[in-house]
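when you get a sec, could you give me coordinates for this:
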Amino acid sequence: QVTLVESGGDFVQPGASLTLSCTASGVTFRRHAMAWFRQPPGKGREFVATINYEGSFTHYADSIKGRFTISRDNDKSTVFLQMNNLTAEDTGVYYCALRDKQWVATRLTDFASWGQGTQVTVSS
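Okay, the predicted model is just below:
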């Protein structure tokens with residue numbers, strides 16, 4: 001059984017930085033593409049960033065491009081999301097997701113397993 005556990009969410013001021021982590025268990029992590037999604041208050045879940053199985057390719061949503069960086073440590077079965085220059089529009093619950101394939105994807109339906117989410121709130 002695959003388990004994904006996110007951590008690192010916090011309440012921060014605009015302009016701050018945060019790093020989210022997601023650790024997987026019950027799966028051969030290095031064989032799977034990973035992604036981060038988020039759900040703003042009152043809205044649907046949206047794609048943020050994705051990374052292929054070995055970390056050699058990444059893809060980002062236009063809204064966060066240049067501010068967020070996805071990375072992974074396959075030895076630790078962990079994927080990260082470094083978030084810089086946060087704004088109020090980045091507020092939401094952030095979820096990591098695991099795909100049953102090596103290559104990246106952006107649709108919710110492309111991902112088989114999900115974490116429980118971690119709350120990020122950006123406010124002055």
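
how close does the residue nearest the centre of the chain sit to S124?
Closest residue to the average C-alpha location of the chain: W36 at 2.3 Å, with CA atoms, centre = their mean. Separation of W36 from S124 (CB to CB, to the nearest Å): 24 Å. In short, each C-beta sits where N, CA and C put it, glycine included.

ok, back up a step: what about the residue nearest to the centre of the chain, helix or strand, and which?
Using DSSP states H and E, W36 maps to strand 34-39.

buried ones in that strand?
Neighbour counts over strand 34-39 (16 or more other CB atoms under 10 Å) mark 34-38 as buried.

repeat for stretch 57-67
58, 60-61, 64.

give the contact list for the residue lying closest to V122 once chain neighbours are set aside.
Computed as CB to CB, 6 or more residues apart in numbering, the closest residue to V122 that is not its neighbour in sequence is L86, at 4.6 Å. Residues near L86 by CB atoms under 8 Å, 6 or more residues apart in numbering: 12, 14-18, 67, 120, 122.

and L86, what's its pLDDT?
Note on L86: pLDDT of 98.
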